[in-house]
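Visitor: Sequence and predicted structure below; questions after.
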Protein chains: 4
Amino acid sequence: MDFDFVTEDQLFLEKLAAVAADLAAIDEPLANDIPAARAQAAAMLTRLAAAGYLQLGFGEPTAERAVVQLAGMETLATGAHSAMLMAAMSTRVLGRAIAAWANKAQRGQWLTPLIEGRALGALALSETCLNVDNDPLETTARHRGETFRLSGKKSFVLNAPLADVFGVVGLIEDRPALFLVPSAAEGLSVEPRVRTLGHDGLWIAGLHLRDTTIADGAVVEPPSDIDLLDQLRLWENEVLMAQALGLMKAAYESACDYAKSHRTGGRPIIAYQEVGFKLSEMLTLCQTARLLAYRAVWTAAVDPRAGRSLNWCAKVFCTESAEQVIGDALRILGQKGYCAGGPAETAYRAVKLTQIAGTSTEIARVKIGDAALGYSF
Amino acid sequence: MDFDFVTEDQLFLEKLAAVAADLAAIDEPLANDIPAARAQAAAMLTRLAAAGYLQLGFGEPTAERAVVQLAGMETLATGAHSAMLMAAMSTRVLGRAIAAWANKAQRGQWLTPLIEGRALGALALSETCLNVDNDPLETTARHRGETFRLSGKKSFVLNAPLADVFGVVGLIEDRPALFLVPSAAEGLSVEPRVRTLGHDGLWIAGLHLRDTTIADGAVVEPPSDIDLLDQLRLWENEVLMAQALGLMKAAYESACDYAKSHRTGGRPIIAYQEVGFKLSEMLTLCQTARLLAYRAVWTAAVDPRAGRSLNWCAKVFCTESAEQVIGDALRILGQKGYCAGGPAETAYRAVKLTQIAGTSTEIARVKIGDAALGYSF
Amino acid sequence: MDFDFVTEDQLFLEKLAAVAADLAAIDEPLANDIPAARAQAAAMLTRLAAAGYLQLGFGEPTAERAVVQLAGMETLATGAHSAMLMAAMSTRVLGRAIAAWANKAQRGQWLTPLIEGRALGALALSETCLNVDNDPLETTARHRGETFRLSGKKSFVLNAPLADVFGVVGLIEDRPALFLVPSAAEGLSVEPRVRTLGHDGLWIAGLHLRDTTIADGAVVEPPSDIDLLDQLRLWENEVLMAQALGLMKAAYESACDYAKSHRTGGRPIIAYQEVGFKLSEMLTLCQTARLLAYRAVWTAAVDPRAGRSLNWCAKVFCTESAEQVIGDALRILGQKGYCAGGPAETAYRAVKLTQIAGTSTEIARVKIGDAALGYSF
Amino acid sequence: MDFDFVTEDQLFLEKLAAVAADLAAIDEPLANDIPAARAQAAAMLTRLAAAGYLQLGFGEPTAERAVVQLAGMETLATGAHSAMLMAAMSTRVLGRAIAAWANKAQRGQWLTPLIEGRALGALALSETCLNVDNDPLETTARHRGETFRLSGKKSFVLNAPLADVFGVVGLIEDRPALFLVPSAAEGLSVEPRVRTLGHDGLWIAGLHLRDTTIADGAVVEPPSDIDLLDQLRLWENEVLMAQALGLMKAAYESACDYAKSHRTGGRPIIAYQEVGFKLSEMLTLCQTARLLAYRAVWTAAVDPRAGRSLNWCAKVFCTESAEQVIGDALRILGQKGYCAGGPAETAYRAVKLTQIAGTSTEIARVKIGDAALGYSF
């Protein structure tokens, strides 16, 4: 048992924190200028590839590497949460799916540009709402000679207006597969950007596919013992728990700094017990949430079945703890916190996405309850 | 004992709900156009005066009237929360202070326009932060013959860029008084509007006073047994708890409607137990928070001393319950909730102000704890 | 609207508090001596009848009377929680059912002794577990000429070892009815007393009925539009929320007294903010829970349909708040709280029954969720 | 980084679970028969020494060993929580203090019997209440030639009626030291056993010392940079968090087993979502609490300063989470849970001690708040 990172990983995470600070501008609200946003995203990917971040997780797969990857996402989210989600949907979700299930030719064609930061990817999965996942997919592919024709509607696709390539989940004869579709493909259209509560630097939109032609080499099918949708959700959950960890850390630090540097009644604010108490609860939640998330990805690497339950537990705990810590940070920051643009204010608006995307809290509770039937604690 | 409104009051509240719906546009983000915002505010005040809302609380003061006033503010906040705060700071806080402590000539000059909706008022109280109130006031008035000269800085003054008259709290020889200052007064300047997390239709800014001349008739001093700052905070708290009740009701109804009208997996969303549970908890919190707020203003009218403790209890409970209910509503609404502009989304951004303004949650806890020393439950 | 009791009711409640203090000895653990326990129970009932308590609720049924009855139960529970439950199961549940649905002859025979304190009653409803109520009743009555023969097993019947008369819920051809059975009836046997976590003065046991003969005059059938089981649970819930209010009040007062009267580091314990905070949260919960319970019985009297939802909300909120307040009281009391026998220690052990008896928290949440489908908040 | 135990440690913990099951009888209520209790305690210590448990922590001190020791205490507490506390106060607190600060002769005389299970030790620290630690110690030792004379009163000393040796904390000229006093020492008397809410198998009592003679070799003084009281509290906290982990695990497993093995309405109870949800929340809390506790002892071994903050965080989180999980377990168990004697019922009564002993939750919050001033998260 060992709770600490080796020195090399610590140094990597420290460097990454510096990169995150440089990328913070991406979190700022952007005019609806798609070319400018694309340029900004491309610069970000170049930077992250140079820092060795995009490549994480595509080498030797060990439990320790899994924790470092999560910590890396957390570090990036602390400083630049929109940028982190943008890059993570591209490599940590879409890239990971290609790496896991695609053949060598497909990996060369689709994965390499993602990892090298030359292309931005997006995963198109949900069709109606995010938080209840009981509806069957309606996006379907029909054979037409050597190719497929793919039709359907996807909603709330992260990165959609900027992406170079989409991983579209659809059915081939009732069995889900992942279709790799370039943004220029005929029949593919992206809806206008959705205005959202938070994530000012993220571009989210719906996607339409009307009889889009998909070459055979652009279809990725996981082995028959893999539940494609379930696995993609588990990976999304890892991204979202790291996002939650980063958001809560940024808000906690902002509140802590404020409480130390501002004075009232002749004392620093932190000297007031009502403030100290809140900070102590916040600190405890930050630490426990992080431990549980690390534990979850560790376990997923050494025992995938047990890892699923832990993934849901950690998704719920991290995203709910994050909301609480960030809400408390705003209270400590008072009037300053209510002003737009600070780390706690943007985190407060962003944290809700971590709860409703991936496996939603409500669905996760159902799944954990079911899993507990057979779970040996 | 009687928990129900008489028919006349019920009818009044129903009419007010219709007015609130008409005023909802005020909650929408506004370009930084002060003349347009002034015109919009003036139209709102005219409408509220015509509806008999602004006059509430300035007639016969009974406990039952106090509850109707709170319910009126709650009703207005449900439909138009920025408009409610704007009007409430003008009449329910500044107007109430003038009505309570001013002489007849002052009431005629300053109060009548507020009640008739011909002028918008603002209270300028806080100087540094909102949530810790240990610093002594630095705004002071010095005698200069028949008049005073008032100097100081106030922060985060609601309505400041639009107000016709300010109630500025300052010291005359270490004793607080309320100075009534027209917005056109020499030496008074309003800082640029602050961009805030929520309340898109509210105008908040700092205020500077540099040797502003105050005529003797513009000074309101409460009787010596009244703690001016404390009393103003108690009135603000009533406004903020009504705001919280309105916000949580709007969010609850939005989530409930959505859960009834949207289907997934062949059933309405509300049929899923994970959703029904949340709604049941939310409903319970809405009801208890409202009861406690009503009880608090009732008690303040019949037993002011006991009313203070209850005011703090209700301020904390309503504003914290509101945050929880609204956060849960966003979860039920899922992707729709994360889109900007809906009642739950705007409520989520607005609710933080109810916690940090007035007596903050942290300070309220301290005060309740102290009061409990002698409190007979 | 009026939140206060009239003077006459206030005086009644004050007298009742004195009676409760006298009955506190009943809460103490008793040796397994049934004759002694019967004598003690008889003396208690005589005392409560003399105080006018047992008769409450059997006169003119108004919403205001309903609140006074609840407040009366709360007052008794504050001082003597086992005695309160014992008397309430006898008159407030069994007596109420007879008063509501029995004919005049039945009321004379069975209800009068309960109200006059000459007999102790018990309700035999649950058959397997308390907290999930999905199993159909298995206790059934078969016609045998002019009489019925009743057979079945009931579990966890409060008062069973001491009761003079049982109200047994069983089926006549799939429709539930209430069978009034004297404890001496042939074929009726009471199992040994169950040792429980709390309620040291309460006697709980299972009940067996083997072909017990029931005369026609001993069968009470509610009108066809009444759901017998549901209505009994609602009445039980009122008893249990009053019990919870009493328990939490006793624990709060115990902690508050201790914090005022004990000193450490030269100051009374209450002067420590960590203690004052807790007390302020506890006080708020006590007040809100009480308001919601009062509101629920008020509404049940004026609008039974809306009253059902509120009954469940109040049951959940009061019993969960009580657990929290009592748990916090033990923390404030520290070492003294961990010693056996104090008001907070006995309340901590007793409060769990209020959650699992009646409509359990889990079932209540389901029902509220369902009700919310059509509920107009 | 590595979250798993090595095989050898896993096997040790499995064996210990079997020992714990054998010792469960100690948790049962005992007549007030001190000789019988002593014999039972002696047998327990012999068993634990044979299992290699008492020796834990007295060899090579590594961070990994620290985690195994905590896991060992947790395992023992899961099956036999009174026994665990009894043994832990003897070796994990008193023994650890002697090992850390005593000279070789003292260790041979006092520590060896404790580790070998031939003597039971007790720590006598608190003087008035447990939960607020602001009072200075009043137990003092005065020089009398080669020896000391020790006088004072200690309250709520775990193991006191059964202990062979006491570690009494007292002052030598305002500086705290640890006095090792055999139970047969003249002037030492033990008060009658205190009846407590939980821990039926534990013996707790006050201690009086009246001019008890202490040889020079019986005084243990830590180095001047050690805060004796603080350090003892930190060690107690580790014992109490392990106790809390064990209690919550026992309650969780009891509820989970019940929910799987009992049916209602034709389905196992766990199939009801209201039950599955609760179990999922409970499982998450069990896992996070354990991770935080492990992390805390790990950190204490590698970075004592950071370890102090984490110790308090983990103490609060584990003991509060335990109360919540155990309370929920009782709800799932329903009527069965309210019956005396089951694992959840005894855990519910025992868990309060983990909050009020050691550094109480309230004090811990203060300390964490203070530490956060300089803490780098």
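Guide: That came through fine.

Visitor: Please, which helix or strand holds A:Gln231?
Guide: Taking DSSP states H and E as the definition, A:Gln231 sits inside helix A:228-261.

Visitor: tell me the mean pLDDT for that helix?
Guide: Across helix A:228-261, pLDDT averages out at 95.

Visitor: and that helix, does that touch chain D?
Guide: Yes: judged by Cβ under 8 Å from any Cβ of the partner chain, helix A:228-261 comes into contact with chain D at A:249, A:252-253, A:256, A:260. For glycine as for every other residue, the C-beta is placed from the backbone atoms N, C-alpha and C.

Visitor: out of those residues, which one sits closest to chain B?
Guide: A:Lys260 (13.8 Å; Cβ to the nearest Cβ).

Visitor: what's the neighbour count on the closest one?
Guide: For A:Lys260, the neighbour count with other Cβ atoms under 10 Å in any protein chain shown is 16.

Visitor: doesn't A:Pro268 make contact with it?
Guide: Yes: contact criterion Cβ atoms under 8 Å: A:Lys260 and A:Pro268 qualify, at 5.7 Å.

Visitor: Send me stretch A:141-155 as CSV with only the CA atoms.
Guide: Extracted C-alpha coordinates of stretch A:141-155, given in CSV (Å, rounded to 0.1, in the frame of the first residue of the first chain):
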residue,chain,number,x,y,z
ALA,A,141,-27.0,2.3,-39.6
ARG,A,142,-28.2,0.4,-42.6
HIS,A,143,-25.9,-1.6,-44.9
ARG,A,144,-25.7,-0.2,-48.4
GLY,A,145,-23.1,-2.4,-50.3
GLU,A,146,-19.7,-1.9,-48.8
THR,A,147,-20.7,1.0,-46.7
PHE,A,148,-23.3,2.0,-44.1
ARG,A,149,-25.8,4.8,-44.1
LEU,A,150,-26.2,6.4,-40.7
SER,A,151,-29.2,8.5,-39.6
GLY,A,152,-30.2,10.0,-36.3
LYS,A,153,-30.2,12.9,-33.9
LYS,A,154,-27.9,13.5,-31.0
SER,A,155,-28.3,16.1,-28.4
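
Visitor: Could you give the average pLDDT over that stretch?
Guide: Per-residue pLDDT over stretch A:141-155 has a mean of 92.

Visitor: if we look at it, which residues are touching it?
Guide: A:124-129, A:137-140, A:168, A:170-172, A:177, A:179, A:181, A:187, A:206-216, A:219, B:335 (Cβ atoms under 8 Å, 6 or more residues apart in numbering or on different chains).

Visitor: Kindly report the same for stretch A:290-300.
Guide: Residues outside stretch A:290-300 that contact it (Cβ under 8 Å, 6+ apart) are A:63-64, A:66-67, A:69-71, A:74, A:234, A:238, A:241-242, A:245, A:306-308, A:310-311, A:313-314, A:317-318, D:1, D:3, D:284, D:287-288, D:291-292, D:295.

Visitor: Mind checking which of those residues land in helices?
Guide: A:63-64, A:66-67, A:69-71, A:74, A:234, A:238, A:241-242, A:245, A:306-308, A:310-311, A:313-314, A:317-318, D:284, D:287-288, D:291-292, D:295 (DSSP state H).

Visitor: can you pull the contacts of A:Gln109?
Guide: Taking Cβ under 8 Å, 6+ apart, one finds A:Gly217 in contact with A:Gln109.

Visitor: Quick check: residues of the stretch 151-300 of chain A near chain B?
Guide: A:155-156, A:194-198, A:262, A:264-266, A:269, A:272, A:274-275, A:278.

Visitor: Could you check how many residues crowd around the closest residue to A:Ile332 other than its chain neighbours?
Guide: Leaving aside its sequence neighbours, A:Ile332 sits nearest to A:Ala255 (Cβ to Cβ, 6 or more residues apart in numbering or on different chains; 4.2 Å). By other Cβ under 10 Å, 29 other residues sit near A:Ala255.

Visitor: Which residues are in contact with A:Ala255?
Guide: Residues counted as contacts of A:Ala255 (Cβ under 8 Å, 6+ apart) are A:279, A:282, A:328-329, A:332-333, A:337, A:344.

Visitor: could these be laid out in TSV, adding neighbour count, secondary structure and distance to A:Ser224?
Guide: Shown next, in TSV, are these (neighbours: other Cβ atoms under 10 Å in any protein chain shown; DSSP: H, G, I helix; E, B strand; the rest coil; distance: Cβ to Cβ, whole Å):
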residue	neighbour count	secondary structure	distance to A:Ser224
A:Leu279	29	helix	51
A:Met282	26	helix	46
A:Asp328	23	helix	47
A:Ala329	30	helix	47
A:Ile332	31	helix	52
A:Leu333	28	helix	52
A:Gly337	28	helix	51
A:Ala344	30	helix	47
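
Visitor: just those now: which is nearest B:Met44?
Guide: Nearest to B:Met44 out of the contacts of A:Ala255 is A:Gly337 (Cβ to Cβ; 27.9 Å).
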